[in-house]
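1. Quick one, fold the following:
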Amino acid sequence: MKILLLPPYFTPERMASSHLDHDRYNAFAAEGWDMHLYTPMPTRGINADERLKYKKIRKERMYDDKMHVHRFSMFQEKKGAILRAIRYVLCFIKQLWFGLRTKDIDVVYLVSTPPIQGLIGALLKKIRKVPFVYNLQDIFPDSMVGAGMTKENSLLWKVGRKIENFTYRHADKIIVISEDFRENLLQKGVPNNKIEVVYNWVDSDVVYPIKEQDNILFEELGLSRDDNFRVVYAGNFGLAQNIDVIIDTAEILQSNSDIQFILFGQGETYETYKEQVSKRGLKNIVFQPLQPVDKVKYVYSLGDLGIVSCKPGIGKGAFPSKTWSILSAGVPVVANYDEGTDLEHLLSQNKLGVFSPSGKSKEMADAILKMYNNPILCKEFGLNAREYVLKNASREVAVGEYVRIIKEVVSNEKTI
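-> Purely as a prediction, here's the structure:
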């Protein structure tokens, strides 16, 4: 089988979901599939010297020689939304061109970031009649509305909905990451038999609980080993993550010197938040740079709680993958998230953490205090967290579903 892959980012770029791609590609290689991947020169999360090196590396063979990597020239990703949008469009044109030229494709597999990426697969399906499997990690333009980047019935929203409908209509299968996503698509008229729910996962052999005395980050980052109650956030500092509610919560709890917030991050607003915290005189927040993937287990094991947050209205259009990493490290989640979502049900039904409604800092502070004041319950939730991941969020089961779905799509196409 020959599978076409068109990711906007690829190794050595460091992304929160990189391990998901890596596990899928390993599974595809194990099936003996011939993968052809076209991607721009690396730009995100690497230094200038690394990027310069890839000006000369345009072709590579990876994953036991089953993946053919083709890199094309593209200017470096910038912070501004307009330049980033222009870059997305230029990458879209180039990747569509490669998709039209690549011979003997059996299936196209695409992930939903950036928002226009799925359109490539839909066009290839329509023009070349190639089967198309779409992995929906974010629902656009819904998540853009929730993040305040646009409004319903705006021009951008209308264009986004047309792209969304066109993509869904031409996809053979749409893999979504939660039941909330399935319900969203059903309400938009997508047939149920076209939708498959496969939750994201974590490699429990890579992310696991680290005892405090064995955690190397205390020394590397100069963190105190005092008996503080640590609350950890790790990820982007973007609009969707609602870092404001975390800072407001920390301010409410600042009189309790035992509770400390450690925020690992990157993103356009990272430095802005650091300045804001300094001006507000908050001593219970420590900022740290986002750590590489191989240190995720150390990052979350620092905490007594791990934060998952979102701006109000975004929760039904995204499921936070970091949830699985926090739980796999044996740490309960403190969520500040939209009510009635899969995340709320997951935490409450399985006793994996505490929940507060998105944007409500007082409620989030109360949730943290509940765990702080009941260390036995907090420890119990941590043990539940690790056990739940081992039983329900394994890599083997999830990637096996991806393989099954792609095989099914290709098989159905050949029988038509």
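
2. And the contacts of stretch 407-416?
-> Contacting residues not belonging to stretch 407-416 are listed as Met1, Asp106, Val107, Pro131, Val133, Asp172, Lys173 [C-beta atoms under 8 Å, 6 or more residues apart in numbering]. C-beta: built from backbone N, CA, C; applies to glycine.

3. For the stretch 251-400 of the chain, which residues score under the pLDDT cut-off?
-> Flagging of the stretch 251-400 of the chain using pLDDT under 70 yields the residue ranges 267-268.

4. Just put the contacts of stretch 407-416 in TSV and tack on neighbour count.
-> Conversion of these to TSV gives the following (neighbours: other C-beta atoms under 10 Å):
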residue	neighbour count
Met1	14
Asp106	17
Val107	21
Pro131	25
Val133	22
Asp172	21
Lys173	20
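
5. Out of these, which is nearest to Asn184?
-> Of all the contacts of stretch 407-416, Asn184 sits closest to Lys173, with 16.3 Å by C-beta to C-beta.

6. That closest one touches Ile405, doesn't it?
-> Yes. Counting by C-beta atoms under 8 Å, Ile405 is a contact partner of Lys173 at 5.4 Å.

7. any shared contact partners between those two?
-> Val133, Glu196.

8. and the residue nearest to Leu37 when sequence neighbours are not counted, how many neighbours?
-> Nearest in space to Leu37, with sequence neighbours left out and distances taken as C-beta to C-beta, 6 or more residues apart in numbering, is Leu5 at 4.1 Å. If you count neighbours by other C-beta atoms under 10 Å, Leu5 ends up with 22.

9. how about Leu5, what does it touch?
-> Met35, His36, Leu37, Tyr38, Met67, Tyr109, Leu110.

10. distance of it from Pro42?
-> 16 Å (C-beta to C-beta, to the nearest Å).

11. Over to Phe237?
-> 21 Å.

12. Likewise for Val145?
-> 31 Å.

13. One more: Glu251?
-> Distance from Glu251 to Pro42, by C-beta to C-beta: 38 Å.

14. cool, and Tyr298?
-> Distance from Tyr298 to Pro42, by C-beta to C-beta: 25 Å.

15. Then Val108?
-> Val108 is 22 Å from Pro42, by C-beta to C-beta.

16. Pick out whichever of these two has more residues nearby.
-> Val108 (26 against 22).

17. pretty sure that one belongs to a strand, no?
-> Yes. Val108 forms part of a strand when assessed by DSSP: H, G, I helix; E, B strand; the rest coil.

18. strand partners of the helix or strand Ala335 falls within, parallel vs antiparallel please.
-> Secondary structure assignment for Ala335, by DSSP states H and E: strand 333-337. Applying DSSP bridges to the sheet, strand 333-337 is found paired with strand 305-309 (parallel), strand 353-357 (parallel).

19. what's the next secondary structure element after the last one?
-> Proceeding N to C from strand 353-357, the next assigned helix or strand is helix 361-372, under DSSP H and E.

20. Check which helices and strands that following helix sits against.
-> strand 229-236, helix 243-252, strand 333-337, strand 353-357, helix 375-392 (3 or more C-beta pairs under 8 Å, 6 or more residues apart in numbering; DSSP states H and E).

21. How far off centre is the first one?
-> Relative to the chain's own centre, strand 229-236 is displaced by 16 Å; criterion: C-alpha atoms, centre = their mean, to the nearest Å.

22. would you put the C-alpha positions of it in CSV?
-> Only the C-alpha atoms of strand 229-236 are listed here, as CSV (Å, rounded to 0.1, in the frame of the first residue of the first chain):
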residue,chain,number,x,y,z
PHE,A,229,2.0,21.6,46.9
ARG,A,230,2.9,22.0,43.2
VAL,A,231,0.4,22.7,40.4
VAL,A,232,1.9,22.2,36.9
TYR,A,233,0.9,23.6,33.5
ALA,A,234,2.8,22.6,30.4
GLY,A,235,2.0,23.7,26.8
ASN,A,236,1.3,26.6,24.6
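
23. quick one: that strand to helix 361-372, angle?
-> Using axes from the mean of the first three to the mean of the last three C-alpha atoms, to 10 degrees, the inter-axis angle of strand 229-236 relative to helix 361-372 is 130 degrees.

24. orientation of strand 229-236 relative to helix 375-392 in degrees?
-> 40 degrees.

25. what are the pairing partners of strand 229-236, and which direction each?
-> Partners of strand 229-236 in its sheet, by DSSP bridges: strand 259-266 (parallel), strand 305-309 (parallel).

26. Please identify which of the contacts of stretch 407-416 is nearest to Leu282.
-> Val133 (46.1 Å).

27. ok but that closest one is inside a helix, no?
-> No. Counting by three-state DSSP, Val133 falls outside a helix, being strand.

28. Run a quick neighbour tally on Asn47.
-> Other residues near Asn47 number 7, with proximity taken as other C-beta under 10 Å.

29. Who does Phe287 form a beta bridge with?
-> Leu263.

30. Ile285 is in contact with Phe261, isn't it?
-> Yes. Here Ile285 lies in contact with Phe261, judged by C-beta under 8 Å, at a distance of 4.6 Å.

31. May I have the secondary structure class of Lys78?
-> Quick answer, by three-state DSSP: Lys78 is coil.

32. how distant is the strand or helix carrying Leu37 from the center of its chain?
-> Following DSSP H and E, one finds Leu37 within strand 34-40. The chain centroid and the centroid of strand 34-40 are separated by 21 Å under C-alpha atoms, centre = their mean.
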